[in-house]
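A.B. asks: need a structure here:
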Amino acid sequence: MALTKETVVDQITVTENGIVLYREATRIMEDGNQISQTYHRTSLAPDADLTGAPANVVAICNVAWTPEIIAAYQAQQEANKPLGVSA
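C.D. replies: Numbers count the residues shown, from 1 in each chain. Reported below is the predicted structural model:
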């Protein structure tokens, strides 16, 4: 009986404002048969640091995050700040 653990990115979604959502599935396998699976979800804003992100997620971010998308996201964040708050 051999138990193994694998983690894979099984979903990647890009929203209209450039947020990248991805889900990692962690699977416990016994002799090639899946016996357990858990999920972890993560979101990345267009101005996020991609250090440590899975390579396939980074590739999607690099395509989706055009200069226009990044600028629009930052403008939206600035417009949503409460009055009197500065960065």
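
A.B. asks: list the buried ones in stretch 40-51?
C.D. replies: 44, 46 (16 or more other C-beta atoms under 10 Å). Heads up, the C-betas are built off the backbone N, CA and C, glycines and all.

A.B. asks: list the contacts of it.
C.D. replies: Identification of contacts with stretch 40-51 by C-beta atoms under 8 Å, 6 or more residues apart in numbering yields 17-24, 26, 53, 57-58, 61, 64-65, 69-70, 73-74.

A.B. asks: got it, and stretch 22-30?
C.D. replies: Contacts of stretch 22-30 (C-beta under 8 Å, 6+ apart): 1-13, 34-44, 54, 57.

A.B. asks: what stretches of the chain score poorly on pLDDT?
C.D. replies: Low-confidence segments of the chain, defined by pLDDT under 70, span residues 84-87.

A.B. asks: quick one: the strands in it?
C.D. replies: 3-14, 20-30, 33-44 (DSSP state E).

A.B. asks: as TSV, the ones you listed with distance to residue 83 would be great.
C.D. replies: Putting the strands of the chain into TSV (distance: least, C-beta to C-beta, whole Å) gives the following:
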stretch	distance to residue 83
strand 3-14	31
strand 20-30	30
strand 33-44	27
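
A.B. asks: what's next to the longest helix belonging to the chain, contact-wise?
C.D. replies: When the chain is parsed with DSSP state H, its longest helix is helix 67-79. Under the contact criterion C-beta under 8 Å, 6+ apart, helix 67-79 has outside partners 17, 18, 45, 46, 47.

A.B. asks: just the closest of these to residue 80, please.
C.D. replies: Among these, residue 17 lies closest to residue 80 (C-beta to C-beta), at 11.5 Å.

A.B. asks: residue 40 versus the closest one, what's the distance?
C.D. replies: 23 Å (C-beta to C-beta, to the nearest Å).
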